[in-house]
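# Here's a sequence, model it:
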Amino acid sequence: MPKENWQKIKLVKLVELLRQETDEQHPLTTMQICERMQEMDIPCDRRTLSKDIALLNNIGIEVLSIQVSKKKGYYIEDRSFSVPELKILIDAVQAASFITEKKTTELIEKIAALGGSHRAEIMKSNLAHFNTRKHSNENIFYNVDALEDAIQRRKKIIFYYFDLDVNGNRVYRREGHHYVVEPIALIFNEDNYYVVVYSSKYENTVNYRVDHMDKVEVIDEDVSDVALSLRDSMGVYTEQIIKMYGGELQTVELEFDSKLIGSVYDRFGEGVSMTLTDKDMILAAVQVQISPTFWGWLFQFTGDMRIVAPEELAQEYRERAERVCSSTYQEK
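Numbers count the residues shown, from 1 in each chain. Next up, the predicted model:
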């Protein structure tokens with residue numbers, strides 16, 4: 001191999017070594033670096049190493065030095081991610097229930113490695129395993145890949161959709177018949193991944209949980225102009241939906257105790273306008289898709305929050321409360 005090619009490979013391997021195995025607390029001496037490089041069958045000695053490190057600094061890759069037992073040690077401190085940033089990413093992966101246990105372990109290994117080998121060991125040793133509700137569908141990443149490909153190429157998708165029975169077995173909807181829809185966007189919400197699609201059959205948007213989709217494939221059919229136009233409204237769409245369940249969109253006035261201000265901001269965003277009433281309560285108007293999950297969210301604040309308007313919705317709230325108190329339900 002030509003000498004200039006060896007030099008290029010040497011510089012690449014030197015940067016990889018320093019980024020992966022060094023930081024201010026764990027520098028490598030000149031002798032240690034030379035030994036590591038020689039283990040990779042790359043020639044290295046004190047004189048050439050000094051020149052190589054000077055060259056890296058000249059091209060913007062900052063290699064710092066520090067005294068280690070009267071010897072000079074080298075390390076790279078600057079990385080794409082800091083330890084707190086990597087810790088946040090690791091915690092997010094652990095918290096996401098749609099990521100299976102197997103894939104969680106793989107992703108944590110990859111994320112931790114971005115901080116170098118020493119930091120990786122620290123981060124992995126400090127892990128708190130707090131999500132025991134991981135899903136089991138290992139195909140979810142293949143589904144995401146196919147869906148993202150279809151969205152980018154503006155193509156339709158075909159797939160099968162299933163629910164789980166009491167034994168955790170798959171029960172396919174539509175008696176096992178496939179779906180053909182026009183994907184608009186992938187959205188992460190309340191621990192799950194969803195794909196928002198346009199259904200020409202219903203002339204409306206529909207949401208599907210990605211972990212309940214099977215055999216997702218891109219088909220060579222362009223999505224409609226309607227589907228494309230809906231992509232621009234996805235930001236507003238996601239703000240209006242509670243837990244991704246559909247329902248009629250309404251402006252709802254809520255009155256609640258001041259201790260629930262944070263809960264309302266968490267659900268509807270910090271842009272919600274609030275006013276103080278003469279009863280020392282808080283009044284806010286929010287955009288809500290009326291759905292079972294909206295009622296579930298509201299009922300957790302019974303006694304501290306009520307619907308003020310519209311009146312028909314307030315009346316429905318009272319009727320639901322009466323049914324709960326009477327412990328009755330409608331037979332199917």
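# What average pLDDT does the helix or strand Gln287 falls within get?
According to DSSP states H and E, Gln287 maps onto strand 282-290. Across strand 282-290, pLDDT averages out at 86.
# Got the confidence number for Asp294?
You called it Asp, but residue 294 is Phe. For Phe294, the model assigns a pLDDT of 84.
# Quick check: the gap between it and Ala321.
Distance of Phe294 to Ala321, computed by Cβ to Cβ, to the nearest Å: 14 Å. Every residue, glycine included, has its C-beta placed from N, CA and C.
# And Glu21, by the same measure?
For Glu21, the distance to Ala321 - Cβ to Cβ - is 62 Å.
# Pick out whichever of the two has more residues nearby.
Glu21 (18 against 14; other Cβ atoms under 10 Å).
# For this structure, just list every one of the strands.
Taking DSSP state E, the strands of the chain run over residues 28-29, 64-68, 71-75, 155-164, 170-172, 179-189, 192-199, 204-209, 213-222, 248-256, 274-276, 282-290, 305-309.
# Listing partners with orientation, what would you give for the fifth one?
Just to be clear, that refers to strand 170-172. Sheet pairing for strand 170-172, assigned by DSSP bridges, gives strand 155-164 (antiparallel).
# Distance-wise, check Leu17 relative to Glu39.
Where Glu39 is concerned, Leu17 sits at a distance of 10 Å (Cβ to Cβ).
# neighbour count winner among the two?
Shown here are Leu17 and Glu39; by other Cβ under 10 Å, Leu17 has more neighbours (19 against 8).
# which residue packs closest to the more buried one, ignoring adjacent ones?
Arg36 (5.7 Å; Cβ to Cβ, 6 or more residues apart in numbering).
# Let me know how buried the one you found is, in neighbour terms.
Counted with other Cβ under 10 Å, residues neighbouring Arg36 total 17.
# wait, what's in contact with it?
Leu17, Glu21, Leu28 (Cβ atoms under 8 Å, 6 or more residues apart in numbering).
# got CSV for these, with distance to Leu230 and pLDDT too?
Compiled in CSV, the contacts of Arg36 are given as follows (distance: Cβ to Cβ, whole Å; pLDDT from 0 to 100):
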residue, distance to Leu230, pLDDT
Leu17, 49, 83
Glu21, 49, 79
Leu28, 54, 87
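# out of the residues you listed, who's nearest Lys103?
When the contacts of Arg36 are compared for distance to Lys103 (Cβ to Cβ), Glu21 wins out at 26.5 Å.
# And the closest one, how far from Gly60?
On the measure of Cβ to Cβ, Glu21 and Gly60 end up 21 Å apart.
# Verify the contact between Leu276 and Ala284 for me.
No: Leu276 lies out of contact with Ala284 (Cβ atoms under 8 Å); the separation is 10.7 Å.
# What's the local residue count around Thr29?
Counted with other Cβ under 10 Å, the neighbours of Thr29 add up to 15.
# just Val216 next, same as before
Neighbours around Val216, by other Cβ under 10 Å: 25.
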